[in-house]
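S.K.: pasting the structure only:
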């Protein structure tokens, strides 16, 4: 590990940022190696096998590896530097790949990290073979199955991480809850999409059940549980995780409307085109006066959202003050999250890493 | 357990049949109770939650529980009667539910066990709510997520079965291979569907990789591995499993063409309507003379297969002799399977159960 970087004259936050980058790189290497080995084991060099052997490990690259980082920082709240714990943390990125592969099918999202989504890649391959049958349908099925493999391999990587049975047994309940919540949360999301715009409180409830908890709080708690941390640490991490997770999702929603397509890898205003009931859309509806609310309602009911509608919608959201207000809510949560990490409870190195991660989650532009 | 039934004057095969039925009932109870508890834990009484709490445990009922039975018989080749091993065996039915839920989406099968498939039930529920958005699309996504939950819960039930760590550690490699093979096999199947009719040998290869191994051989080996059986037992079970698994699939394919809809719960000639390259279809093509082969080729290239086409196709397959020949192949394999079970190697009770199961797999009408 890069723990040597913590020595000397490098300021602690910068040393922690470099350490986190190294954790991310090593988690990528572990997860990538594991998927490559499993793909080689199961695909026998047939057409679809060659494709899968290339596409599945590739899918891991380009990820931010936030969840493994949070899990490993959670571990470091009570455990020593450990290759086994790092592998266990990496398993969360495979779980994330499962969710991404299948969510993109369900949401019909064509792009992921600026590249064609997995189902699009499989569909193109099918079309290139010149076969009969629907290439799109094949692409969706193949991406769903790829997601299933990531789900299976995540658990296998965790079990084979090298952590002993007793250590693992502290993590299983958290891990099981996390992966069930992923599927249950996605189902709630599909129902939510189909309903009319929810109120702010209802939206926060869905966010907490889905992305917020899943990105920050659950990975942190999972790592800390593996390390056998006591109730004080767990409580601090839960509070920090709830705050940073929500801020992360708000930031995601701002990027989904106002993000730069060349940086996010997604079309401008993608969330508006998808009519996603995201935090910034819901907040704009709550903050709008009568005239603007009527205009927002019209946009929500358009059959197709073209570039002009996206521009008008963006201006309208800004005019309600929702964009600025959401930025304030993000900063408030980030500040509060930093304050709940008491160095008397959380070891200093972990506290520094949490501070770096809170900023990364809330000040990112992709 | 019903081991008391083995006493007295009941002939051994009948006692074993009753014992197997009891194993099936208890596995259903274990799996059902586990899914019910998990669903109650994760769905909070919301609309989609209430639906899922009903539909997911219901989905388990009506299954033949063949895979848990084979796993438990495998266990009994080296282990004592055990509630923990029975729970471990039950986990394979949840794995099967995962495969059924998602395969029905991918194959667009509307019926499962004579009732609406899971995606159809979810789609109907969505339509009843009167929401905007595609009910079919929602149904497919929800059934995929239900499949994901079954996949997660299968592994959790196995891990929490009560078998100790050392016993479990003997089963994990088999279990991991089985669930990865399921997804990899389904992918190969999708590719196979898209190609022209395969030859007989290529077909047998796909069968072995997919259904054959998955239904009989892998569950048997998994149970026997948990019990720590030696190489002699494993070799006998592998050979028996390969033979009975193939015969099971042949029988499945005969039922898919000639089965009675009121018994199978599927429309008559469903496999023909789906243009499935099943064993009976491939064998008919290989056995047909020039004129009949041309007619079969025409049927394979129809845009829609109506009732008349199904009748003509069935007659043609029978006329090639493929229906009768496949029946012979099934009996040959069943006979050979019974012969490879040496009572000097496999305990008598397990051998009797294997004999009963070989007949159930090959002489069933649903």
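M.R.: Cool, got the structure. Just so it is clear, the model here is predicted, and its values are computed rather than measured.

S.K.: what residues does residue A:59 make contact with?
M.R.: Contact analysis of residue A:59 by CB atoms under 8 Å, 6 or more residues apart in numbering or on different chains lists A:97, A:100-101, A:118, A:146. For the C-beta atoms, the positions are set from N, CA and C on the backbone; glycine is no exception.

S.K.: go again with 10 Å.
M.R.: Neighbouring residues of residue A:59 by CB atoms under 10 Å, 6 or more residues apart in numbering or on different chains: A:32, A:35, A:94, A:97, A:100-101, A:112-113, A:115, A:117-118, A:121, A:143, A:146-147, A:150.

S.K.: for residue A:174, same thing?
M.R.: For residue A:174, the contact set (CB under 10 Å, 6+ apart) comprises A:71, A:74, A:218-226.

S.K.: quick check: residue A:293 vs residue B:132, distance?
M.R.: Counting by CB to CB, to the nearest Å, the separation of residue A:293 from residue B:132 is 20 Å.

S.K.: again, but for residue A:18
M.R.: 49 Å.

S.K.: what about the helices in the stretch 101-250 of chain A?
M.R.: Secondary structure of the stretch 101-250 of chain A, counting by DSSP state H, counting those that start in this stretch: helices at A:118-128, A:135-159, A:165-194, A:200-207, A:218-226, A:231-258.

S.K.: dump those into CSV; add mean pLDDT and distance to residue B:337 as well.
M.R.: Converted to CSV, the helices of the stretch 101-250 of chain A look like this (pLDDT from 0 to 100; distance: least, CB to CB, whole Å):
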stretch, mean pLDDT, distance to residue B:337
helix A:118-128, 93, 38
helix A:135-159, 97, 30
helix A:165-194, 88, 38
helix A:200-207, 84, 53
helix A:218-226, 97, 46
helix A:231-258, 95, 54
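
S.K.: surely residue A:259 touches residue A:280?
M.R.: No - proximity of residue A:259 to residue A:280 does not meet the contact threshold set by CB atoms under 10 Å, at 11.2 Å.

S.K.: okay, and the common contacts of those two?
M.R.: A:252-253, A:271.

S.K.: quick one: which two of the contacts of residue A:174 are the most distant?
M.R.: Using CB to CB, these span at most 12.6 Å, a distance reached by A:218 and A:226.

S.K.: in terms of neighbours, single out the busier of these two.
M.R.: residue A:226 (30 against 26; other CB atoms under 10 Å in any protein chain shown).

S.K.: with adjacent residues omitted, what lies nearest to that one?
M.R.: Excluding its sequence neighbours, the residue lying closest to residue A:226 (CB to CB, 6 or more residues apart in numbering or on different chains) is residue A:171, at 4.2 Å.

S.K.: and for residue A:116?
M.R.: residue A:110 (6.7 Å).

S.K.: give me the phi and psi for the one you found.
M.R.: Dihedral pair for residue A:110: phi -90, psi -20, per degrees, to the nearest 10.

S.K.: isn't it up against residue A:140?
M.R.: No - using CB under 10 Å, residue A:110 is not in contact with residue A:140; the gap is 11.9 Å.

S.K.: list the contacts of the residue nearest the centre of chain A.
M.R.: For chain A, the residue nearest the mean C-alpha position is residue A:215 (5.2 Å; CA atoms, centre = their mean). Contact partners of residue A:215, counting by CB under 10 Å, 6+ apart, are A:64, A:66-67, A:70, A:92, A:96, A:241, A:244-246, A:248-249, A:252, A:361.

S.K.: just give me the neighbour total for the residue nearest to residue A:275 when sequence neighbours are not counted.
M.R.: Nearest residue to residue A:275 in three dimensions, chain neighbours excluded: residue A:300, at 6.5 Å (CB to CB, 6+ apart). When neighbours are counted by other CB under 10 Å, residue A:300 registers 16.

S.K.: measure residue A:300 to chain B for me?
M.R.: 11 Å (CB to the nearest CB, to the nearest Å).

S.K.: go on, residue A:306?
M.R.: Residue A:306 is 19 Å from chain B, by CB to the nearest CB.

S.K.: then residue A:280?
M.R.: Using CB to the nearest CB, we find residue A:280 at a distance of 21 Å from chain B.
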